[in-house]
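1. could you look at this predicted model? Sequence included:
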Amino acid sequence: MMHLKTPEEIELMRKSAQILSNSLAEVASRLQPGMTTLQVDAIVEQFIRDHGAVPSFKNYKGFPNSACISVNEAVVHGIPNGHILQEGDVVSVDVGVYMNGFHADSAYTFAIGDVPAHVQKLMTSTKTALQKGIEKAVVGNRVGDIAYAIQEYVEKERGYGVVRELVGHGLGRNLHEDPQVPNYGRRGSGAVLKEGLVIAIEPMVNLGTREVEYLEDGWTVVTRDRKVSVHYEHTVAVAKGKPDVLSTFAPIEEAERKNPAVNSAYIPQ
Ligand code: MG
Ligand code: MG
């Protein structure tokens, strides 16, 4: 069942999303080689709690931390641990924030230091794919229009693999609500997008095969060929004519440009 939000509820979700985006900007300003993914998780959790909110993922279905941190071949749901980040690592940080009864959900992939040009291209392309999906999140379109726009760009135009097993989703009072929002599909198919529907759009794009598998920890999803995967996600309110994107990458990109340990060359101009 889909839960449509009132304008007032959307404003509450925007507040959650703003704290979330700023927590990722805090990560962007402090990321450096030598840091563990547990330290990155601590930055996120501290920032969220300092702003009077709660990390949505902590204890969600037993997940032990505040951020999912997925390095290199890890696609999503990586558990923060003692892994020491180093030059060339590609780090996806996925965060949920709960405040005033509403969740927001957003993810961002960072590159530590020098990463090859083909990986930077994957990052740029995935961010562009997210944008192409968001553009379809308007009243009267269908979920399949978002899915098709993402898949068409990622697979046909760029030649990468879109992950099938994990999808975007509605959200609000619950972290996951209907409808599911896949990153692949047919134009004109699926649920009709209505005013007040809020969805997380989140392409997961692999450099090589789209096939994934789970690690033994039961959480971490990795690419079957162990090539790099990238993940960007926004919380988006469906609206008439133009989607209302509640989370924002602007403060994250600004912080990336100021942090010499983080590669910002891939950011689209
Ligand atoms: Mg997420
Ligand atoms: Mg999500």
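-> Perfect, I can see it now. Predicted model only: the values in this text are computed from it and were never measured. Ligands and ions are numbered 1, 2, ... in the order given.
2. count of neighbours near residue 189?
-> 12 (other C-beta atoms under 10 Å). All C-beta atoms are positioned from the backbone trio N, CA, C, and that covers glycine.
3. Three-state assignment for the nearest residue to it once chain neighbours are set aside, please.
-> Excluding its sequence neighbours, the residue lying closest to residue 189 (C-beta to C-beta, 6 or more residues apart in numbering) is residue 144, at 3.4 Å. Here residue 144 is recorded as helix under DSSP: H, G, I helix; E, B strand; the rest coil.
4. same check, this time on residue 75
-> Three-state call for residue 75 (three-state DSSP): strand.
5. ok, it touching residue 212?
-> Yes - counting by C-beta atoms under 8 Å, residue 212 is a contact partner of residue 75 at 5.6 Å.
6. overlap in contacts of those two?
-> Residues touching both residue 75 and residue 212 (C-beta atoms under 8 Å, 6 or more residues apart in numbering) are 163, 166, 206, 221, 222, 223, 229.
7. quick check: closest non-adjacent residue to residue 9.
-> residue 102 (6.6 Å).
8. surely the one you found is in contact with residue 16?
-> Yes - assessed by C-beta under 8 Å, residue 102 is found in contact with residue 16 at 5.5 Å.
9. just checking, what packs against the helix ranked longest in the chain?
-> Counting by DSSP state H, the longest helix found in the chain is helix 7-30. Where contact means 3 or more C-beta pairs under 8 Å, 6 or more residues apart in numbering; DSSP states H and E, helix 7-30 is packed against helix 37-50, strand 90-99, strand 102-111, strand 234-237, helix 250-258.
10. make TSV from these and add mean pLDDT to it.
-> Below are the helices and strands packed on helix 7-30 laid out as TSV (pLDDT from 0 to 100):
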stretch	mean pLDDT
helix 37-50	98
strand 90-99	98
strand 102-111	98
strand 234-237	98
helix 250-258	97
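11. got CSV for the ones you listed, with mean neighbour count and distance to residue 28 too?
-> Below are the helices and strands packed on helix 7-30 laid out as CSV (neighbours: other C-beta atoms under 10 Å; distance: least, C-beta to C-beta, whole Å):
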stretch, mean neighbour count, distance to residue 28
helix 37-50, 20, 10
strand 90-99, 26, 9
strand 102-111, 26, 7
strand 234-237, 26, 16
helix 250-258, 17, 4
